[in-house]
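Enquirer: the following block contains a protein sequence and its predicted model.
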Amino acid sequence: MNDIPGYTFQKEAGGVLNYTMDSNGLEVLVYPQDLAPVSVFMVTYRVGSRNESTGETGVTHFLEHMMFKGTDRFNKESGTSVFNELQKSGARVNATTWMDRTNYYALLPTERIEKVIEIEADRMRGARLWPEDVASEKTVILNEHDQGENEPSRKLYQSVWSTAYVAHPYRHPTIGWRSDIEDVSAESLRSYYDRYYWPSNATVSVIGSFDVGDTLALIRSHFEGIERGPDSYDGVSTREPDQLGERRTTIRMAGEPAMLMIAYRGLAATDSDAAALSVLGATLSLGKMSRMQQQIADKGLVVSISAVSSAHAYPGLFYIFAAITPGQSHDDVEVAIQAVLDEVLENGITQEELDRARSQFIAQAAFSRDGAYSVASGLNEAIAVGDWTLFTSAEERVRAVTVENVNAVARRIILPDSRVVGQFEPAR
């Protein structure tokens, strides 16, 4: 399968074959599986809210919505809208935007995959972005924004990120600040689209039951005529300055239960210690035998608690998120969490804890490869952070983590001066 006309084979990892289209540099990942005759076709653009500057927050997400408004070939007026055409093919269709990427995908019978290939190729450079469509979609997005403003957990999460980052664009909500959404225009969307929607900034992924040669030929027939686009794209040049002391933020609004989020400056997903940091989170909170479950949840202080290492292209956050049991206080839960962290910093984790966390991670990795959609989701996030093989090597990297690795990364990350504490207090 290495010698495919119109492509240069790059590498194989974990059953995923990596090609580059010769005409325009489009990266293509194919993962054939001997399953039911369905496939996921996905296009991931390496642009997310991290690429937005002050005054244009939310434009990535807005553009995602606008990509379904059609092209000159596929549009509502002619009865050939993107949704109609794909749903006629039996496809489940959606798109998502996050900090480091935007993706468009469809799960459909493999025999009808050419239709989604045709549509994605057409709208890569042919999106209409008409002013009247922008105006109507703006109402939809503002409603989505306002619904999120009424969700306490979402408000707390965003408040902690915005407090943790003073310079880096990870401080902005992916949906954008409301005033910026209100100011979005067809011209600003066109400018953003023309900056980032090109073959050289995209990865096509196909996962499922299909013939590799035939599918690559179909992709080539629809995509190869598209101009390559820029040779390089602006990354995030702003480096977040060192945090020199604890920061705190409080959200008060209607809702239940009370919540607490404690965050520390984490690692980029490609950092050599990223796997160890994820294992640390699992050791702390994953499963009934974890420290926070036994020492905090089982004592009735919280309804739920989790420790998470966010995976992003640039250093994200390592955080603990707790839903507090009614009648318990933020202060008591914070003290209990800190006691667990102090114990880890002083004495480290044990081999038994590592083995248990590793087994749980390996099981999760297996689940993430169960079915075409699950694989597409995992690949999408790995593409976003800059290395798609992080998905295929996840189990290997976790197996290589040692007790010493976990203890060292705990001392590297859990620092008093880099702590951000967020509280949600239900309004009375």
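Expert: Sure, I can see it.
Enquirer: so where's the stretch 51-200 of the chain uncertain?
Expert: For the stretch 51-200 of the chain, no stretch has pLDDT under 70.
Enquirer: host element of the residue nearest to Trp177 when sequence neighbours are not counted?
Expert: Closest residue to Trp177 apart from its sequence neighbours, by C-beta to C-beta, 6 or more residues apart in numbering: Thr57 at 5.1 Å. Yep, even glycine has a C-beta here, placed from its N, CA and C like the rest. Counting by DSSP states H and E, there is no helix or strand that carries Thr57.
Enquirer: same question, Ile117
Expert: Assessed by DSSP H and E, Ile117 sits inside helix 113-126.
Enquirer: please name every helix or strand in contact with whichever helix or strand comes after that helix.
Expert: Using DSSP H and E, the helix or strand that follows helix 113-126 towards the C-terminus is helix 131-149. Judged by 3 or more C-beta pairs under 8 Å, 6 or more residues apart in numbering; DSSP states H and E, helix 131-149 is in contact with helix 59-66, helix 152-164, helix 178-183, helix 186-196.
Enquirer: now with 7 Å?
Expert: Applying 3 or more C-beta pairs under 7 Å, 6 or more residues apart in numbering; DSSP states H and E, one finds that helix 131-149 contacts helix 59-66, helix 178-183, helix 186-196.
Enquirer: coming back round to it: export only the CA atoms of the helix holding Ile117, formatted as CSV.
Expert: Provided in CSV are the C-alpha atoms of helix 113-126 (Å, rounded to 0.1, in the frame of the first residue of the first chain):
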residue,chain,number,x,y,z
ILE,A,113,-18.3,7.8,1.0
GLU,A,114,-17.6,9.7,-2.2
LYS,A,115,-20.4,12.1,-1.4
VAL,A,116,-18.8,13.4,1.8
ILE,A,117,-15.4,13.5,0.1
GLU,A,118,-16.9,15.6,-2.6
ILE,A,119,-18.5,18.0,-0.2
GLU,A,120,-15.5,18.4,2.1
ALA,A,121,-13.3,19.1,-0.9
ASP,A,122,-15.8,21.7,-2.3
ARG,A,123,-16.2,23.6,0.9
MET,A,124,-12.5,23.7,1.8
ARG,A,125,-12.1,26.6,-0.6
GLY,A,126,-15.7,27.2,-1.8
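Enquirer: what are the buried residues along that helix?
Expert: Across helix 113-126, burial judged by 16 or more other C-beta atoms under 10 Å covers 113-125.
Enquirer: and the angle for it with helix 59-66?
Expert: With axes from the mean of the first three to the mean of the last three C-alpha atoms, to 10 degrees defining the directions, helix 113-126 sits at 130 degrees from helix 59-66.
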